[in-house]
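# coordinates only, no sequence provided:
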């Protein structure tokens, strides 16, 4: 018999995917260039030229075994060494090779990090709004995902609820800053207060509470700011990273877990990730991609278009009268819908060829996400549709 | 607190890895060219030239999004289509795109296949000798791995034990032919008898018994023979493949699950694999590797050196007086050790710079594995060491 749990999952379709499929179908009818598809977080800017050049050079010069041989299950040692040196140089934390575990993207990183610091039956906290796949990453390990309700004022942290939910059963806290879907960057004050509380609770409960920090959008940050690096504020931090967004290579599946050298059992956590790999069939991320990325760690794609799009879109949404918190990074914006039912709102938007994602699956009601990793030209063209939608369906005046 | 199960796994070191590490250390002292390292199954022949050329061309010609964008979680659709057509053409089974799920190597394929057709608490049968990672692939899903003792006569199947152990709790049977570590190819008669029995038991128990067929060595077969393709003999077959050995790209992590179109729920099993992915952080195998391999599906590396090495080594082992079944494929050979304790045997061999792997971790006692995916020149040079070892330690005369 086939597994019933996974079979039953087939009926629970992701709303993001549904909207995206609707966009594709609509594109077949009216031309995809006329669909204002804000559904998917798929990077729209090209890979750095240096990535392509490095990859071609590696294929021309390295031996087959050097380029395509098994890398150790923790990742290619020279790659781990370079990642450690890069992080040490940038954030001043003395990472060494032994603290780095190479993964298949951030999904792989979180799958390992959660298994590393929780046991089935434990609780793990995260904060609304959050990427809905967190449910799968956490709950399929047997750990319970507890959601701290959103601070809808500014999408920082609802500390009252956090403190209440941070009970002795909680072994780990999962954060995502810059945040998908809100686009918000946690301020230094937020991270300071959050980690102060976690330190106090570690003391009170007499056990570690690990911070799993999911940072695929670390490099996409606006107004020339730097994202506060959570591991600088809290020793028991596992940093989960992906090169998917910063280098526009989501299909190539490369990321890492970086263990703070001051974490409990810091010297064995990456090796434990290697053990975890064995049971989930992970093995190692693609060797050629590891080697290519390691040579250009200080580079990113030209990410400036995301800031440009954000500024245009933010101003337009404000002009129309949307309530919206200005993003500090990512390629998402998370305005309040014009009616309570975000699903109904997004369905109505389809009539205007606007593909939006309702907020319910991000664990907040009444908002919607726009992924503006699309051409600026299309962002601009979408304004007429946005205005017609708000005016005709909700009587907005502006 | 860190997870205790994974922490405890750190002390249980793999003997294969231990021997390989010993070989590396010894190499530092006496020069690795003087170490007869038969420990690791790492392909020694280069990737097909067409792979390298295709990869460079794709990087030069495709857009960033075409080459590096997220592929769907089931794999790139055009790639799945080509794999289905390739298998259909070769084996005459009417695979369609919907039956193919692209994975990160065979490890990823088995991790998904096992979760697909078992529930925690079920039993899954496999046959000694087998690749020790099967323990992890199966047991970490909560399913019990039941081992059918070896047929040490010819390393086909011990049918008496198989029939006895094939109880109603068994939901799946996992086979590996050509086999690691024995090098044996299951004969058509073996597969026929095995699947006849499984069909009868399906009928008797009133539930499906899936066959998971792990076939990374399908293309490495000797004497011009063709490996019988298990899915041709049994409808409920999930074929797990990897391009690691056939194209010498183990580090690039590409494989697939192919669902027999006549299997129960054949139309949804690949989609279920996509659901399974979400919980284990798999997502999709590297997009550029998918696209490159899909263009050269009918090619392999020049695998002839493995047959050449096998013939030389087999003759030498027989000459010395080892009991050994002649391999039909792979790059492994599995002779009987010259004393009962295979571990002691392999430790003694170290003195002769011979790095062998004792059979205990393959669930058979008293044998050892040699992975002859090394240069023929080294195989030949190792004969003097093999002879000295057998003569001096065990008084063999030849």
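That came through, no problem. Source: prediction; values computed, not measured.
# got a list of what the residue most central in space within chain A touches?
For chain A, the residue nearest the mean C-alpha position is residue A:216 (4.9 Å; Cα atoms, centre = their mean). By Cβ atoms under 8 Å, 6 or more residues apart in numbering or on different chains, the contact set of residue A:216 is A:106, A:180, A:240-242, A:244-246, A:255. C-beta coordinates here come from the backbone N, C-alpha and C atoms, glycine included.
# now, which of the residues you listed sits nearest residue A:363?
Nearest to residue A:363 out of those is residue A:180 (Cβ to Cβ; 12.3 Å).
# residue contacts, that closest one?
Contact analysis of residue A:180 by Cβ under 8 Å, 6+ apart lists A:41, A:130-131, A:216-217, A:330, A:332.
# which residue, neighbours along the chain excluded, lies closest to it?
residue A:131 (5.1 Å; Cβ to Cβ, 6 or more residues apart in numbering or on different chains).
# was I right about that neighbour contacting residue A:357?
No - the criterion here is Cβ atoms under 8 Å, and residue A:131 misses it with residue A:357 at 11.5 Å.
# more neighbours, those two?
Neighbour count, other Cβ atoms under 10 Å in any protein chain shown: between residue A:131 and residue A:357, residue A:357 has more, with 28 against 23.
# what number of residues are in the vicinity of the spatially closest residue to that one that is not a sequence neighbour?
Spatial nearest neighbour of residue A:357, excluding adjacent residues (Cβ to Cβ, 6+ apart): residue A:369 at 4.4 Å. Neighbourhood size, residue A:369 [other Cβ under 10 Å]: 28.
# can you list the strands that whichever strand or helix holds residue A:369 pairs with?
Using DSSP states H and E, the element containing residue A:369 is strand A:368-371. Here strand A:368-371 is paired, per DSSP bridges, with strand A:332-333 (antiparallel), strand A:357-358 (antiparallel).
# list the contacts for residue A:167?
Going by Cβ under 8 Å, 6+ apart, residue A:167 touches residue A:123.
# is it correct that residue A:179 falls within a helix?
No - going by DSSP: H, G, I helix; E, B strand; the rest coil, the assignment for residue A:179 is coil, not a helix.
# near it, how many other residues are there?
26.
# again with the one 5 residues further on
The number of residues packed around residue A:184, counting by other Cβ under 10 Å, is 25.
# check what pLDDT the closest residue in space to it that isn't next to it in sequence gets.
Nearest-residue entry for residue A:184: residue A:155, 4.2 Å, with adjacent residues in sequence omitted and distances by Cβ to Cβ, 6+ apart. As predicted, residue A:155 sits at a pLDDT of 97.
# can you give me phi and psi for residue A:155?
With angles defined as degrees, to the nearest 10, residue A:155 sits at phi 60, psi 30.
# list the contacts of it.
Contacts for residue A:155 (Cβ under 8 Å, 6+ apart) come out as A:129, A:179, A:182, A:184, A:325, A:334.
# how about the closest residue to the last one other than its chain neighbours, secondary structure?
So that's residue A:334. With Cβ to Cβ, 6+ apart as the criterion, residue A:334 has its nearest non-adjacent residue at 4.4 Å, and that residue is residue A:182. Secondary structure, three-state DSSP: residue A:182 is coil.
# and the helices in the stretch 251-398 of chain A?
A:266-280, A:287-295, A:304-320, A:342-350, A:376-394 (DSSP state H, counting those that start in this stretch).
# the longest one near chain B anywhere?
Looking back up the chat, that one is helix A:376-394. No - contact of helix A:376-394 with chain B (Cβ under 8 Å from any Cβ of the partner chain) is absent, the minimum separation being 14.5 Å.
# quick one: residue A:85 from residue A:238, how far?
Distance, residue A:85 to residue A:238, by Cβ to Cβ, to the nearest Å: 19 Å.
# for the two, indicate the residue with more neighbours.
Between residue A:85 and residue A:238, counting by other Cβ under 10 Å, residue A:238 is the more crowded of the two (30 against 15).
# what residues are up against that one?
A:113, A:116-117, A:210-213, A:257-260, A:263, A:269.
# distance to residue B:5 added to the strands paired with strand A:368-371, as TSV?
Output for the strands paired with strand A:368-371, formatted as TSV (distance: least, Cβ to Cβ, whole Å):
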stretch	distance to residue B:5
strand A:332-333	37
strand A:357-358	37
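# in CSV: these, plus mean pLDDT and distance to residue B:234.
CSV is the format used below for the strands paired with strand A:368-371 (pLDDT from 0 to 100; distance: least, Cβ to Cβ, whole Å):
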stretch, mean pLDDT, distance to residue B:234
strand A:332-333, 98, 48
strand A:357-358, 96, 43
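# which neighbours do residue A:131 and residue A:357 share?
By Cβ under 8 Å, 6+ apart, residue A:131 and residue A:357 have these common neighbours: residue A:181.
# figure out how far the host helix or strand of residue A:171 is from the centre of its chain.
Element membership for residue A:171 (DSSP H and E) is strand A:170-176. In terms of Cα atoms, centre = their mean, to the nearest Å, the centre of strand A:170-176 is found 14 Å from the chain centre.
# then stretch A:36-55?
Stretch A:36-55 sits 16 Å away from the centroid of its parent chain (Cα atoms, centre = their mean).
# residue A:124 is in what secondary structure piece?
Using DSSP H and E, residue A:124 falls in strand A:123-127.
# ok, then the element right after that strand?
Going down the chain from strand A:123-127, the next helix or strand is helix A:134-139, by DSSP H and E.
# which stretches of chain A form strands?
With DSSP state E as the criterion, chain A has strands at A:36-37, A:100-103, A:123-127, A:144-148, A:170-176, A:210-214, A:237-242, A:255-259, A:332-333, A:354-355, A:357-358, A:368-371.
# any chance of TSV for the ones you listed, columns distance to residue A:289?
Formatted as TSV, these follow (distance: least, Cβ to Cβ, whole Å):
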stretch	distance to residue A:289
strand A:36-37	28
strand A:100-103	10
strand A:123-127	29
strand A:144-148	30
strand A:170-176	23
strand A:210-214	20
strand A:237-242	12
strand A:255-259	11
strand A:332-333	25
strand A:354-355	31
strand A:357-358	29
strand A:368-371	24
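# ok, which of these comes nearest residue B:18?
Among these, strand A:100-103 comes nearest to residue B:18, with 21.1 Å by Cβ to Cβ.
# what's next to that closest one, contact-wise?
Strand A:100-103 is contacted from outside by A:71, A:74-76, A:79-80, A:83-84, A:109, A:112, A:240, A:254-259, A:269-270, A:273-274, A:282, A:284-285, A:290, B:281, using Cβ under 8 Å, 6+ apart.
# any residues of the stretch 251-398 of chain A in contact with chain B? List them.
The stretch 251-398 of chain A comes close to chain B at residues A:251-253, A:264-265, A:268-269, A:271-272, A:275-276, A:278-289, as judged by Cβ under 8 Å from any Cβ.
# ok, residues contacting the strand holding residue A:171?
By Cβ under 8 Å, 6+ apart, strand A:170-176 touches A:110, A:114, A:117-119, A:122-127, A:130-131, A:134, A:138, A:143, A:146, A:166, A:186, A:194, A:198, A:201, A:207-215, A:230, B:1.
# quickly note the distance from residue A:165 to residue A:171.
For residue A:165, the distance to residue A:171 (Cβ to Cβ) stands at 13 Å.
# burial count for residue A:105?
Counted with other Cβ under 10 Å, the neighbours of residue A:105 add up to 28.
# my error: substitute residue A:213 in the last question.
Applying other Cβ under 10 Å, we find 26 residues neighbouring residue A:213.
# name the nearest residue to it, sequence neighbours excluded.
Nearest non-adjacent residue to residue A:213, counting by Cβ to Cβ, 6+ apart: residue A:230, 4.3 Å away.
# which residues touch that neighbour?
Counting by Cβ under 8 Å, 6+ apart, residue A:230 touches A:175, A:177, A:186, A:191, A:195, A:211, A:213, A:215, A:237, A:239.
# try it again at 7 Å.
Residues near residue A:230 by Cβ atoms under 7 Å, 6 or more residues apart in numbering or on different chains: A:175, A:191, A:211, A:213, A:237.
# thought the fourth one was touching residue A:237?
Yes - using Cβ atoms under 7 Å, residue A:213 is in contact with residue A:237, at 5.8 Å.
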